[in-house]
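J.: From the sequence below, what's the structure:
(one chain, ligands or ions: 1)
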Amino acid sequence: LPRYRVAMIGSGAWACTAVKMIAENLRSPEKAAKFVREVRMYVWEEEVDGRKLTELINETHENVKYLPGVQLGENVVACPDLIETAKDAHVLVFCSPHQFIHRMVKQLSGHVRKDAIAVSLTKGMRVRPDGPQLISEMIRKELGLDCSVLMGANIAADIARGELSEDVFDRPYFYTQLVPDVVGAEMCGTLKNIVALAAGFVEGLGYGPNTRAAIIRGGLDDMRRLAKALYPTVRRAAWGYCRLRVYCILVHFMRPALTLDATFFESCGIADLIATCTGGRNRLVAKAFVEAQQAGQPRSFEELEASLLHGQKLQGVLTSQEVQEILRRKGWELEYPLFTAVNRIICGHQPASAIVHYKEAAAAPV
Ligand code: 13P
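T.: Model (predicted):
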C-alpha cells in the first residue's frame, strides 16, 4: 500500500509547533501503515552562532532560533531546498509569513505531485489588480492543488508547551474541528491581525479592559462585514442549516442569523481574535510603538519587529496596507472605520490616541 508523505513549508514558531504535532502523530503505530514516518521541513537557511540552521535542527531536533526549548522530534528533517522538500509529498503544509508564499508557490510550480493536497496555516492575503487573493486561492491557482486551511487561536509557544488549544492536527492538547467555510476561516485569520494592532494601541495608551473589549467588538464587526462583502459565500454553507432543521423546526426563522455568522464563532473567529489581541505579536509590537512615541523616542514598526520578534515577521502592518488598498479601490474606507483608523495611525496620518475615536479618525481628511 502507498504511504503518504507530509512536508512542511516553513520553519517559524508556528510551523515548528505544527510540525512537532504532525511528527508526533506520524510516530504513532496507528499512523505507520498510512504515513511515512519522516516529515521534511523547508528551512530558509541562515547562520545561527556560526552554524547552519538546518544542521543545528537536524542535530538537536530543535529550532534554536524560532522555537527554542521545544523538541520537534527525531523524524523531522530540516531541508534548505524548497523543491527537494516538497517534490514527493502527498500533503503539503504551508506555514510561512504570507508575503513569501507567492514566490514559493511560483518556485514550486511544476515540481509537486499532481495528486498532493495542501493545507495552509498562513494568515494573510495578496492584492492583485482584480482584487484580493487569499493564500489558499493562490495555492489552488499556481499549483492546481486542493487547499484547505487551518486557522484558529494558536499562539505557537503555548501549543508547543502542550497547553490546550482548540484547533487542528489533533493531539491530546490540540482539538480540531471541521468548518465547511474555507474562505471565511481564512478571512478571519487574516483580518484579525489588523484588529490586534488596534488592541496593542489601546493597551499602549494605558486603557483597560473595557476599551480593549470595545475595540475588539468594533474589529469583529469590520471583519465580519468585509469578509462577506468580498466573499459573499462566507458561511452560506448548508452544514449548519441541515443540523438546525434536524434539531428544531421552531428556530427555523432564526436560521439566517445563526448560520450566516457561524464561522465567526468558531476558533478561527472570535477565539483567534481574542488570543491575538491579548497575547499575540501584533499586539505586542503595536503596544511598544505607542509606548516609544509616548516616551518621546518614536520607533518604526520595522525597528520594533527586528528588536522584539527575533527574526519572526509581523503580519498585521502589511495586511493593513493590503486591505486598505482594497478599501481605497472600492471606495469603502468609511464603511470599515476600525481598519481605516489603524491604517491612518500606521501611516502617521493620525496619532495612536485616535484609535479610541476610530470612526472620527477614519472620516478625518488625510
Ligand atoms: P500574532 O502574529 O499577532 O502573534 O498572532 C498569532 C496568531 O495568529 C494567533 O492565532
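J.: Only the buried residues of the helix or strand hosting Cys16, if you could.
T.: Counting by DSSP states H and E, the element that carries Cys16 is helix 13-27. By 16 or more other Cβ atoms under 10 Å, the buried positions in helix 13-27 come out as 13-26. Using the backbone N, CA and C atoms, a C-beta is placed for each residue, glycine as well.
J.: got it, and stretch 48-63?
T.: Leu53, Thr54, Leu56, Ile57, Asn58, His61, Glu62, Asn63.
J.: Among these, which one sits closest to the ligand?
T.: Of all those, Asn63 has the smallest distance to the ligand: 16.6 Å, by Cβ to the nearest ligand atom.
J.: Could you pull up phi and psi at the closest residue to Ala118 other than its chain neighbours?
T.: Closest residue to Ala118 apart from its sequence neighbours, by Cβ to Cβ, 6 or more residues apart in numbering: Cys147 at 4.1 Å. In terms of degrees, to the nearest 10, the main-chain angles of Cys147 are phi -130, psi 120.
J.: Now do the same contact list for Cys147.
T.: By Cβ atoms under 8 Å, 6 or more residues apart in numbering, Cys147 lies in contact with Ile117, Ala118, Val119, Ser120, Ser136, Ile139, Arg140, Val182.
J.: and the stretch 51-200 of the chain, which residues reach the ligand?
T.: Applying Cβ under 6 Å from any ligand atom, we find that the stretch 51-200 of the chain lies next to the ligand at Lys123, Ala153, Asn154, Ile155, Asn193, Ala196.
J.: top of these by neighbour count?
T.: Counting neighbours by other Cβ atoms under 10 Å, the top entry in these is Ala196, with 33 neighbours.
J.: Next, the contact list for the closest residue to the ligand within the chain, please.
T.: Going by Cβ to the nearest ligand atom, the ligand is nearest to Gly280 of the chain, at 2.6 Å. Contacts for Gly280 (Cβ under 8 Å, 6+ apart) come out as Ile155, Asn193, Ala196.
J.: follow-up on the earlier one: using PDB, list the CA coordinates for the helix or strand following the helix holding Cys16.
T.: The helix or strand immediately downstream of helix 13-27 is helix 29-32, counting by DSSP H and E. In PDB, the C-alpha atoms belonging to helix 29-32 read as follows (Å, rounded to 0.1, in the frame of the first residue of the first chain):
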ATOM      1  CA  PRO A  29       1.900   2.900  15.500                       C
ATOM      2  CA  GLU A  30      -1.600   3.500  14.100                       C
ATOM      3  CA  LYS A  31      -0.300   6.000  11.600                       C
ATOM      4  CA  ALA A  32       2.700   3.900  10.500                       C
END
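J.: Helix 29-32: which residues count as buried?
T.: Neighbour counts using 16+ other Cβ under 10 Å place Lys31 of helix 29-32 among the buried residues.
J.: same check, this time on stretch 322-336
T.: Buried residues in stretch 322-336, counted by 16+ other Cβ under 10 Å: Glu322, Val323, Gln324, Ile326, Leu327, Trp332, Glu333, Tyr336.
J.: just checking, which of the residues you listed belong to helices?
T.: Those of the buried residues of stretch 322-336 mapping onto helices are Glu322, Val323, Gln324, Ile326, Leu327, per DSSP state H.
J.: just those now: which is nearest Pro97?
T.: Closest to Pro97 out of these is Glu322 (13.0 Å), distances taken as Cβ to Cβ.
J.: Please name the residues that touch that closest one.
T.: Glu322 neighbours (Cβ under 8 Å, 6+ apart): Gly124, Met125, Arg126, Val127, Pro132.
J.: ok, now which ones touch the first one?
T.: Put plainly, it is Gly124. The contact partners of Gly124, taken as Cβ under 8 Å, 6+ apart, are Pro97, His98, Gln99, Ile101, Ile135, Thr190, Asn193, Gln315, Leu318, Thr319, Glu322.
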